[in-house]
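Colleague: Here's a sequence, model it:
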Amino acid sequence: MIAAIKPSGSNTRGLLAYLYGRGTHDEHLDPHIVAGFAMPDPGRNENATLTELGRYLDEPVGLRNGEFGKPVTDHVWHCPVRAAPKDRYLSDAEWDEIAQRIVAAAGIAPAGDDLACRWIAVRHAEDHIHIIATTVREDGRRPKLHDSGIRVGDACRQIEKDYGLRQLRKGDRTGTRAPTQGEMHKAERLGWEQTSREWLQDRIRAAIPHATSAEELVAYLEAGDVQVKARRGPSGDLLGYAVGRPGDLNKDGEQIFHPGGKIAPDLSLPKLKARLETTVPEEHPTARRNRPTTPWQQATEALDTLHTEITDTSTGDSGDARAQAHITALGELMEATAQKAPADLRVQLQAASKVFGRAQRSQIRAEDRAAHALRTAARDIANTATGPDGSTLAALVAAMVWAALLAGRWHEAKGHAHQTDAARQALQHLQTAADNALTHTLTGLEARRPNEETRRTLASDVRAAVPEHADRILADPGWPALATVLADAEAGGHKPHQLLEEAAARRELATARQPARVLITRIQHTSRNPAPNRRAEAARQRTTMTYNATQQARSSQPAVLRPVGIDQPHRHRQ
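Modeller: Got it, this is the predicted structure:
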């Protein structure tokens, strides 16, 4: 059961006309009052009029406006209450009880309060009612409606249990506002597949991977097909922004603009600034030596840290903040990859990115700088001019499958029901994309399968490295292709046994539908370069540790300011 509170201005009579009218598409049938203050019902009494009904509801408002200097002009409270599509038919008597519980929870008419606001519930369809109230009490005071949406949501969850209805998940105030009937009808009238707010949200999320600041984001949107209205201070600093869809005009023919925070909670200017404009720690120069050469490989490498960031619970709240940051950046990577992927993968990747948007935000505040590497990789992909080769893209999509699975598990452990569902839906699209991405690669690998003796040797490596999964791997149709990958890696100086152990440590195989395919993409990524020189790598790590310690010591020392000309050595002209 869904209850959507909608402040509706001051025209009580106008809202009643809609509720008792035929509807936009003649969908209103037999409108009548099922609950509320006792008053003549225009749906049942031919002598009753909507004007009289509106006047009766507005009476406390008029009395208050006559006694106080500042009139009340926002007194109409409107709350449609709708049963889920598969719920049973509810009688008028049941809707009466439900309406009373909802207005009590909202603070409109608490149980036993004889001086509460006036309200009625109108039913004009089988599956829903509309509650309309005027928000001035009989004693002239205004009701306490702060957080009424949360209380009404809690009441709906209890109503679902008490009446045996489909039980929906509790909201967490991080979701987007559902389209209104007016928005949906307008989109239909104009031939649009999406409402304006839905269309704008897709455009903003598509622009985020291209920007390193809020200013760049606004500029990117302006350069596209989005109308932007920026609010700036005297210094020119960006203080706020609103966006509009071309052709979305009001009755006066003026462009309609929507603030970013009204489109989605995480698209407000402060949230975008926190996400995009983060400082990062200085990187040691030699750390670039083993960095992957393409943004696609860099993204796969960055996803390797996700397992540690999401599953490490030892750091408490700070660990949760870091995990949420990586999940948010993962959504940006999905969007960037979808934009640059070949056409045969783009549909599934775009679908994954769209549904994963709900998993990108929760009530846990993200420590955005923690995900700098992942966000940078997404930005580099969005701005690259060249696409990836088949095996590189297959490795990245496979890594995103594992990352989405981890994100869903983390949200589930935190009790984030909506985010868990979003991650699971994205996972299904990503798995389809991963299967499609690997198809061409498998064909080429299977055509080069090593001879029988080599395959037996490599099978022994599999049994030694991952004994608990060996039977499934060797029975997987992808085993001949995996054998080719292992043989190629061995020719490049790598040890198959070690590669298998490292791959299994990076990605658990118990949940993999086709473990050989998972290992193919993983090992192709890790063996892309020749085997490292162990002695040189150890020396590099020692140098890096010394450099980091020096930098930390310098940053901890207070700065010493010396007056110019005092205790300074004289410099002689030559």
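Colleague: how close does the nearest residue to Thr392 once chain neighbours are set aside sit to Ile129?
Modeller: Among residues not flanking Thr392 along the chain, Trp296 sits closest, at 4.8 Å (C-beta to C-beta, 6 or more residues apart in numbering). Bear in mind the C-beta positions are built from the backbone N, C-alpha and C, glycine included. Distance of Trp296 to Ile129, given as C-beta to C-beta, to the nearest Å: 53 Å.
Colleague: So for the two, which sits in the more crowded spot?
Modeller: Neighbours were counted for Trp296 and for Ile129 using other C-beta atoms under 10 Å; Ile129 has more, 27 against 24.
Colleague: how far does the helix or strand hosting Gln524 sit from the chain's center?
Modeller: Taking DSSP states H and E as the definition, Gln524 sits inside helix 515-526. How far helix 515-526 lies from its chain's middle: 29 Å, per C-alpha atoms, centre = their mean, to the nearest Å.
Colleague: And for stretch 427-444?
Modeller: The answer for stretch 427-444 is 24 Å, by C-alpha atoms, centre = their mean.
Colleague: returning to that earlier point: work out for me the element the residue nearest to Thr392 sits within.
Modeller: helix 295-303.
Colleague: what's the answer for Arg189, then?
Modeller: Going by DSSP H and E, Arg189 is in helix 181-190.
Colleague: need the strands for the chain, in chain order.
Modeller: 2-3, 6-7, 32-36, 76-82, 119-123, 128-134, 227-232, 238-244, 258-259 (DSSP state E).
Colleague: Turn those into a markdown table, columns for distance to Pro496.
Modeller: Output for the strands of the chain, formatted as a markdown table (distance: least, C-beta to C-beta, whole Å):
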| stretch | distance to Pro496 |
| --- | --- |
| strand 2-3 | 55 |
| strand 6-7 | 63 |
| strand 32-36 | 72 |
| strand 76-82 | 59 |
| strand 119-123 | 70 |
| strand 128-134 | 62 |
| strand 227-232 | 54 |
| strand 238-244 | 53 |
| strand 258-259 | 56 |
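Colleague: wait, which of those strands is closest to Gly408?
Modeller: strand 2-3 (24.1 Å; C-beta to C-beta).
Colleague: In its sheet, which strands sit next to the closest one, and in what direction?
Modeller: Strand pairing for strand 2-3, determined by DSSP bridges: strand 76-82 (antiparallel).
Colleague: what's in contact with the partner strand?
Modeller: 1-12, 15, 98-99, 102, 106, 108, 117, 119, 121, 127-135, 145, 152, 156 (C-beta atoms under 8 Å, 6 or more residues apart in numbering).
Colleague: I would like a ChimeraX command selecting only the buried ones among the residues you listed, please.
Modeller: Selecting only the buried entries of the contacts of strand 76-82 in ChimeraX, with 16 or more other C-beta atoms under 10 Å as the criterion:
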select :1,3,5,8,12,15,98,99,102,106,108,117,119,121,128,129,130,131,132,133,134,135,145,152,156
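Colleague: sorry, back to before: next one: the residue nearest to Thr392, what pLDDT does it get?
Modeller: With respect to pLDDT, Trp296 scores 92.
Colleague: when you give positions from now on, start the count at 12
Modeller: Understood, numbering begins at 12; the last thing we discussed is Trp307.
Colleague: quick one: contacts for it?
Modeller: Ile392, Pro399, Thr403, Leu404, Leu407.
Colleague: Between these, which sits nearest Leu176?
Modeller: Within these, proximity to Leu176 (C-beta to C-beta) peaks at Leu407, which comes in at 43.1 Å.
Colleague: And that closest one, what's its pLDDT?
Modeller: On the pLDDT scale, Leu407 is placed at 94.
Colleague: That one touches Ala347, doesn't it?
Modeller: No. If you go by C-beta atoms under 8 Å, Leu407 and Ala347 don't touch, sitting 10.5 Å apart.
Colleague: Between these two, which contacts overlap?
Modeller: Common neighbours of Leu407 and Ala347, using C-beta under 8 Å, 6+ apart, do not exist here.
Colleague: and the angle for the longest helix along the chain with helix 526-537?
Modeller: In the chain, taking DSSP state H as the definition, the longest helix is helix 428-458. Calculated by axes from the mean of the first three to the mean of the last three C-alpha atoms, to 10 degrees, helix 428-458 forms an angle of 80 degrees with helix 526-537.
Colleague: Can you give me the buried ones in helix 428-458?
Modeller: So, applying 16+ other C-beta under 10 Å, buried residues of helix 428-458: 429-438, 440-449, 452-453, 456-457.
Colleague: what about the helices in the stretch 262-411 of the chain?
Modeller: Remark: helices assigned in the stretch 262-411 of the chain by DSSP state H, counting those that start in this stretch are 271-274, 280-287, 306-314, 317-322, 327-351, 354-367, 383-394, 401-424.
Colleague: Confidence-wise, which helix or strand of this structure is lowest on average?
Modeller: Ranked by mean pLDDT, DSSP states H and E, the weakest helix or strand in the chain is helix 545-567, scoring a mean of 52.
Colleague: Touching, Thr223 and Leu287? I think so.
Modeller: Yes. Thr223 lies in contact with Leu287 (C-beta under 8 Å); the separation is 6.1 Å.
Colleague: Looking at those two, which one has more neighbours?
Modeller: Legend: neighbour count by other C-beta under 10 Å for Thr223 and Leu287, higher for Leu287 (19 against 13).
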